[in-house]
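> Give me a model of this one.
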Amino acid sequence: MSLDLAQSVWEELKHYIGTLDRTDAADALVNLLVDSNFAADEIRTAFKGDKEVKQSLNAYLADHNEEEEEDEIDDYDNDDDDDYDSKDY
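Numbering: from 1, shown residues only. Down below sits the predicted model:
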């Protein structure tokens with residue numbers, strides 16, 4: 001699937017999606033595109049005029065940046081635990 005096709009389909013279908021449900025639909029679209037290995041910059045460019053997709057992409061990036069930071073902290077904490085456990089006290 002190309003981003004141009006995804007953007008065209010989104011433009012047509014979002015008119016049939018209730019205003020309150022568009023955020024959830026945009027979230028699903030962003031997740032699908034990211035899972036299909038499209039980069040955030042590519043998605044942002046293809047959907048540059050779409051408020052819902054832009055907000056969903058920003059939320060997706062914020063959530064995943066927080067998860068990466070938590071993983072890094074967990075890795076750091078686990079490294080400290082390993083060093084502590086390996087010493088004889």
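
> where do the helices sit along this structure?
Listed in chain order, the helices of the chain (DSSP state H) span 3-13, 22-35, 40-46, 51-86.

> burial measure for L3, as a count.
L3 has 16 neighbours, counted by other Cβ atoms under 10 Å. Just so you know, the C-beta spots here come from the backbone N, C-alpha and C atoms, and that holds for glycine as well.

> Could you pull up phi and psi at D50?
Note on D50: backbone dihedrals following degrees, to the nearest 10 are phi -110, psi 110.

> now it, nearest residue through space, not along the chain?
Sequence neighbours aside, W10 is the residue nearest to D50 in space, at 7.2 Å (criterion: Cβ to Cβ, 6 or more residues apart in numbering).

> okay if I get the helices of the chain as JSON lines plus mean pLDDT?
Formatted as JSON lines, these follow (pLDDT from 0 to 100):
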{"stretch": "helix 3-13", "mean pLDDT": "96"}
{"stretch": "helix 22-35", "mean pLDDT": "97"}
{"stretch": "helix 40-46", "mean pLDDT": "96"}
{"stretch": "helix 51-86", "mean pLDDT": "74"}
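
> any idea how far the most centrally placed residue in the chain is from H15?
The structure's the chain has its C-alpha centroid closest to Y60; by Cα atoms, centre = their mean the separation is 3.0 Å. Distance of Y60 to H15, given as Cβ to Cβ, to the nearest Å: 23 Å.

> quick one on the thing from earlier: which one of the helices of the chain is the most hemmed in?
Mean neighbour count (mean count of other Cβ atoms under 10 Å) peaks for helix 22-35 among those, with a mean of 17.

> For that helix, give me every contacting residue.
Identification of contacts with helix 22-35 by Cβ atoms under 8 Å, 6 or more residues apart in numbering yields 3, 6, 10, 13-14, 17, 40, 43, 50, 52-53, 55-57, 59-60.

> make it 7 Å
Helix 22-35 is contacted by residues A6, W10, K14, I17, I43, E52, V53, S56, L57, Y60 when judged by Cβ atoms under 7 Å, 6 or more residues apart in numbering.
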